[in-house]
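Trainee: Below are the sequence and a predicted model; questions follow.
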Amino acid sequence: MTEILNRTCFVRALARSLVSASVLLAVGCAVTGPADLASDSPPQRPAIQLEPSPSDPFAAIDAVFARMALPNAPAADYTLGPGSIWPRLVGRFAITSCPEGSSAQRWADWYADNRDYMERVFNRARPWMHYIVEEIERRDLPGELALLPVVESAFDPFAYSLGRASGPWQFLSGTARDFDIEINDWYDGRRDFVVATRAALDYLEYLNGLFDGDWALALAAYNAGQGRVQRAIDRNRSRGRGTAWDELPLPRETLGYVPKLNGLGCLFREPARHAFVLPVIDDRPQVATVQLDQQVDIVALSLESGVDPVALVTLNAGLNRHMTPPGGPGHLVVPLDDVARVEAALQRIPATVRLQQQVRVRRGDTLSQLARRHGTSVKALQQANGLDGSRLVAGQSLVLPGTVAEAAPSSDPRYLTAYRELTTLQKQLLPTDRFMHQVRPGESLWLIARRYGVGVVDLQRMNGLGAGTMIRPGQRLVIETDRAPEPPALIDGKYIVRQGDSLWQISRRQNVELDALMRWNSLSPDSVLRPGQELVIRRSGDA
C-alpha cells in the first residue's frame, strides 16, 4: 500500500472534493426503472466521450482504489496468461452473441474505444472479481454474469439510480429483502459487495429457472422486473407473436440492456479483434473478510491499525455510520495485505459499550416492525431476548441491541478530527435519509405517504404493514426518502448535456431563465439537444 503519512488530511481533502458531487444515476437496476434513461443501441463510434451509464460523480473514490495495496500492472501479454483471472472467466462464457452489425457488436466497439472508462471501472472491480468468479464457478453459472455490474453500476458500490436502486448490483429495497439483504439505519447490504453478489446470483438463478433456462429473458427480467417480462410474453403468445427477449414489448432501456452485456462478452472473448488490452486482474484474492465478535468503531480501528479509513469505508460501503451494526453482519472487508494489522488492532481497541434499552410491545407489533423501527434486525432482537420464534405478547418488554457509546474518548483530538471528516464523507456518499414519523390524530397512510413523496405500498412495506392494517396516533413509522440529486457541477461555465435532458430541465436545474439559456447558446424552443453537447451557463455578473 502507498505510504499514507497524513490520513486525516487525505480524508479532509477527499471530503471537500465531494461537497458538490451528485448522486450517481445508474442506468441498470435489478427491477424496473424509467425506460428513457438509456438508448437501446450505442452511438456509432462517437466523437465525444459518452458512457453507457451516466458519468460517475464520485471520481475521488476511484483515487481510493488506486491507493490501495492492489497489484501493479505487469506486461500487457500477462492478461491472457495463467496468472490472470480472464482465461478462467472467459472459459465459462455461454450466452454471448454479437452478430455482425448488431447492437451488441456496436457496444463491443464502444467499450473497446472508451479505454479510460474501462480502466476506471475495472480499477473498482479488481478487489471483487476473484470472489465473483469463485461464486460463479461454485454455482456453475455463465461467466458473463461477472461482468453484469459493469452494465448495472460501473462497479460503483455507492451507485444510486433514479429508480432508487442501490449498490453494484442495483437492488431495490423490496427485492433486496426478498433475497435476505439487511437494510436498516446502520447498514444497507445492497452496497455490501459480498452480500449483494450472493443475492444477485441467487436472483439470477431464480429468474433463469422461472424462464426455462433462457438467460436473455432472465437478464431482461433482472432489469425490467419478472412480472413485466412475463406479461409481455403472455401478450405476445395471445397474439401469435414470438417470445424471444428482443420480440417482446419491453422498455427501451431493457431492450438495450442485454446487448450491453453481450457486447462486453464479445470484447473479453476476442480482445484482439477490437485492439483491446484486457484489464490486469490477478487470479487470486485481493481482499479478505475479517470476522468480528463485537461492534467495531471504524475510526478507532483505522487509527489503531494505520489502515486508510476511506479505504475501509469504500470496501465496506454497506455501512451507514462510522460503526458496524450492533446486530450484525459481523464482518469487515480489508485489503489482503492489511489483515494481520487489522486483526491485531481489533484486540487492542476498547470494546464498544452498549446501553441496554427496552421497548414495550404494543398490540399488533411484530419482530420485523420493531427491528425496522429501531434500526436493528430480527435476528439481533431474537438473540438479545432469547427468543426462538417470532411470537410476541402485548405488554412484553424486549431488550434492544441499543444505542452505542463512543469507543474512543471524546478528548482525543485525533479521533474527533477523523470522526468529523469521515462522517462528512459518508453523508456525501449515501443518498438515503431514513427517519421516524410519529402518527398524529387524523393522519392516514395516504396523507403520510403524500407528505413524504413515497407510495402507500412502499410505506406499508417499510413498516411491515398489511393492506388492511390501521395506524393509530402516537405510532412511529419508518420513512425512507431520497435526497434529490444536485445539479451537475459546471466545468468552466459549461454544462454537458446528458441523455434525456431538455432545455426546460436544464434551466430549472441550473436556476437560470429558459429564454436566457437559449439566448446564450443561440438556440430556439425547437432546437434538438445531443448528449455530450456543451451549453454555456452564465451567472449574475457574467453578462
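Mentor: Happy to help now that I have it.
Trainee: From now on I want contacts and neighbour counts done on CA atoms only, so please keep to that.
Mentor: Fine.
Trainee: I'd guessed residue 495 sits against residue 536; true?
Mentor: Yes: taking contacts as C-alpha atoms under 8 Å, residue 495 lies within contact range of residue 536: 6.4 Å.
Trainee: domain parsing for the chain?
Mentor: Using automatic domain parsing, the domains assigned to the chain come out as 1-22+286-353+405-430, 71-274, 494-536.
Trainee: of all those domains, which gets the most neighbours per residue?
Mentor: domain 71-274 (a mean of 20; mean count of other C-alpha atoms under 10 Å).
Trainee: and that one, how far from the chain's centre?
Mentor: Domain 71-274 sits 14 Å away from the centroid of its parent chain (C-alpha atoms, centre = their mean, to the nearest Å).
Trainee: before we move on, back to that, between the domains of the chain, which one is closest to residue 460.
Mentor: Minimum separation from residue 460 across those (C-alpha to C-alpha) falls at domain 71-274, 11.2 Å.
Trainee: Just the C-alphas of stretch 227-241, formatted as CSV.
Mentor: Taking C-alpha atoms only, stretch 227-241 is exported to CSV below (Å, rounded to 0.1, in the frame of the first residue of the first chain):
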residue,chain,number,x,y,z
GLY,A,227,-43.8,-9.6,-13.8
ARG,A,228,-43.4,-7.2,-16.7
VAL,A,229,-41.4,-9.7,-18.8
GLN,A,230,-44.0,-12.5,-18.1
ARG,A,231,-46.9,-10.2,-19.1
ALA,A,232,-45.1,-9.3,-22.3
ILE,A,233,-44.6,-13.0,-23.1
ASP,A,234,-48.3,-13.7,-22.4
ARG,A,235,-49.4,-10.8,-24.5
ASN,A,236,-47.3,-11.9,-27.5
ARG,A,237,-48.4,-15.5,-27.2
SER,A,238,-52.0,-14.4,-27.2
ARG,A,239,-51.4,-12.6,-30.4
GLY,A,240,-49.4,-15.4,-32.1
ARG,A,241,-46.1,-13.5,-31.9
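Trainee: Next, the contact list for the residue lying closest to residue 319 once chain neighbours are set aside, please.
Mentor: Distances taken as C-alpha to C-alpha, 6 or more residues apart in numbering put residue 187 closest to residue 319, at 4.7 Å, once the chain neighbours are dropped. Contacts for residue 187 (C-alpha atoms under 8 Å, 6 or more residues apart in numbering) come out as 318, 319, 320, 321, 324, 325.
Trainee: Correct me if wrong: the last one contacts residue 295.
Mentor: Yes: using C-alpha under 8 Å, residue 325 is in contact with residue 295, at 6.4 Å.
Trainee: Low-confidence regions, the stretch 151-300 of the chain specifically.
Mentor: For the stretch 151-300 of the chain, the stretches with pLDDT under 70 are 162.
Trainee: need the strands for it, in chain order.
Mentor: Along the stretch 151-300 of the chain, the segments classed as strands by DSSP state E, counting those that start in this stretch run 287-291.
Trainee: Helices of that one, start to end?
Mentor: 173-178, 193-210, 215-224, 226-238, 252-269, 298-305 (DSSP state H, counting those that start in this stretch).
Trainee: Of all those helices, which one comes closest to residue 447?
Mentor: Among those, if distance is taken as C-alpha to C-alpha, the winner is helix 173-178, at 21.9 Å.
Trainee: In which helix or strand does residue 332 reside?
Mentor: Secondary structure assignment for residue 332, by DSSP states H and E: strand 331-335.
Trainee: helices and strands around that strand, which ones?
Mentor: Packing partners of strand 331-335 (3 or more C-alpha pairs under 8 Å, 6 or more residues apart in numbering; DSSP states H and E): strand 287-291, helix 309-315.
Trainee: From residue 422, how far out is residue 280?
Mentor: Distance of residue 280 to residue 422, computed by C-alpha to C-alpha, to the nearest Å: 31 Å.
Trainee: try residue 149
Mentor: 26 Å.
Trainee: for the protein, what's the longest helix?
Mentor: helix 115-139 (DSSP state H).
Trainee: Let me know the average pLDDT across that one.
Mentor: When pLDDT is averaged along helix 115-139, the result is 93.
Trainee: Run through the residues that contact the residue most central in space within the chain.
Mentor: Nearest to the mean C-alpha position of the chain, counting by C-alpha atoms, centre = their mean, stands residue 167 at 1.4 Å. Contact analysis of residue 167 by C-alpha under 8 Å, 6+ apart lists 153, 156, 157, 158, 159, 160, 190, 191, 192, 193, 196.
Trainee: export those residues to a markdown table and tack on distance to residue 439?
Mentor: Shown next, in a markdown table, are those (distance: C-alpha to C-alpha, whole Å):
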| residue | distance to residue 439 |
| --- | --- |
| 153 | 37 |
| 156 | 37 |
| 157 | 35 |
| 158 | 32 |
| 159 | 32 |
| 160 | 29 |
| 190 | 29 |
| 191 | 31 |
| 192 | 33 |
| 193 | 36 |
| 196 | 34 |
